[in-house]
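Chemist: let's see this in three dimensions:
(4 chains)
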Number of protein chains: 2
Amino acid sequence: MEIKEIFRDKGLRLTLQRRAILEALQGQGFKTALELFQEVNRLHPGINFSTLYRNLELFVQTGLICRLKGPEGALYGLRRISKHHHHAVCKMCGAAYPLSRCPLEDMGEELQRLGFTVTEHCFEVYGICENCRDHMEEVSRC
Amino acid sequence: MEIKEIFRDKGLRLTLQRRAILEALQGQGFKTALELFQEVNRLHPGINFSTLYRNLELFVQTGLICRLKGPEGALYGLRRISKHHHHAVCKMCGAAYPLSRCPLEDMGEELQRLGFTVTEHCFEVYGICENCRDHMEEVSRC
DNA sequence: GTATCTGCAAAGGGTTTGCGTTCGA
DNA sequence: TCGAACGCAAACCCTTTGCAGATAC
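Modeler: Sure, this is the predicted structure:
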């Protein structure tokens, strides 16, 4: 079990709540804290928002999940790729497609010319994925 | 007067409060709502947060200013370039340097291959500008 | 004169924190 | 056993809203 080992290595406890949160994060979709709260509580009623937020923060720090700042708030999803990357996120189903390049790769020269030292950056793309677009067309045919 | 005309064209009134907010936005720095609130009230005591937020929203819609979602919250600054662009923002002084390219220009092919239709995107770079870095070095010499 | 805009006060959404209790290792 | 993690409640920050009065045009 990989998760179990990650937790043990860091001296973290694998509680019922943490299992439930990780379970709710399965799948390729990115979800809001509210969606995760509802999903987690469907599986294990009684889990608190504070527990959810504390653990999401922990999982981000641990590198288990990614947090995106979408147009309508934070989104959380499993981190499947260990190297630095960005996402194209579907606004309908939450699916996140990793992008192959980081825009900073191409902007080093321009930023250097400006004398600008980068400490942080964000790049995310939002829209409609192929599946959802096809489904929309089906619906609109009715 | 350019502003006056823009306002007249849209049927908007050029109130004392709006003048003060636009005045506080002068300069190349991007500022938080709180910083603008303080600046505006230094110039004209009594201006309310609701007035500030309502007008910032209005100015964004009108295209007079840009709103960025920085790591520590929203930032507002004059929109000097009418075409679509992104910024490198200094975390110390707020100065925003427009970047010459939009990363989406290079990603069209990849996104098309995914069948992904883009509706929104964000790209911002944060760090330290040349001036502030030089100043930091001075300070650290003491 | 009148629709637009303001200040006020209150509510809203999303997230965080302190504290006493519970539970995993 | 005992410190890490939990639930609860309350606070927090930033932003938005409804309304009655003020003001630009």
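
Chemist: CA only for contacts and neighbour counts going forward, please
Modeler: Noted.

Chemist: A:Pro98 belongs to a helix, doesn't it?
Modeler: No: counting by DSSP: H, G, I helix; E, B strand; the rest coil, A:Pro98 is not found in a helix; it is strand.

Chemist: just list whatever residues bridge to it.
Modeler: Beta-bridge pairing for A:Pro98 (DSSP bridges): A:His87.

Chemist: what's near enough to touch it?
Modeler: By C-alpha atoms under 8 Å, 6 or more residues apart in numbering or on different chains, A:Pro98 lies in contact with A:85-88.

Chemist: which residue is the nearest non-sequential neighbour of the residue nearest to the spatial centre of chain A?
Modeler: Against the mean C-alpha coordinate of chain A, by C-alpha atoms, centre = their mean, the closest residue is A:Gly77 at 2.8 Å. Nearest residue to A:Gly77, sequence neighbours excluded (C-alpha to C-alpha, 6 or more residues apart in numbering or on different chains): A:Phe30, at 4.5 Å.

Chemist: my read: the one you found touches A:Gly94, true?
Modeler: Yes: at 4.8 Å, A:Phe30 and A:Gly94 qualify as touching, with contact defined as C-alpha atoms under 8 Å.

Chemist: more neighbours, those two?
Modeler: A:Phe30 (26 against 22; other C-alpha atoms under 10 Å in any protein chain shown).

Chemist: contact partners for that one?
Modeler: A:Phe30 neighbours (C-alpha under 8 Å, 6+ apart): A:75-78, A:89, A:94-96.

Chemist: need the phi and psi values for it.
Modeler: Dihedral pair for A:Phe30: phi -100, psi 140, per degrees, to the nearest 10.

Chemist: ok, now A:Phe116?
Modeler: Main-chain torsions, A:Phe116, degrees, to the nearest 10: phi -100, psi 130.

Chemist: how about it, nearest residue that isn't a chain neighbour?
Modeler: Using C-alpha to C-alpha, 6+ apart, the closest residue to A:Phe116 is B:Cys129 (4.6 Å).

Chemist: count of residues packed around that neighbour?
Modeler: Counted by other C-alpha under 10 Å, the residues lying close to B:Cys129 total 24.

Chemist: give me the sheet partners of the lengthiest strand in chain A and which way each runs.
Modeler: Counting by DSSP state E, the longest strand found in chain A is strand A:117-128. Partners of strand A:117-128 in the sheet, by DSSP bridges, are strand A:86-90 (parallel), strand B:117-128 (antiparallel).

Chemist: now do A:Val139, the pLDDT please.
Modeler: Per-residue confidence (pLDDT) for A:Val139: 56.

Chemist: please read the previous query as pertaining to A:Pro71.
Modeler: On pLDDT, A:Pro71 comes in at 88.

Chemist: and it, backbone torsions?
Modeler: Dihedral angles (degrees, to the nearest 10) for A:Pro71: phi -60, psi -30.

Chemist: in stretch A:123-136, which residues are buried?
Modeler: Buried positions in stretch A:123-136, judged by neighbour count with 16 or more other C-alpha atoms under 10 Å in any protein chain shown: A:123-130, A:132-133.
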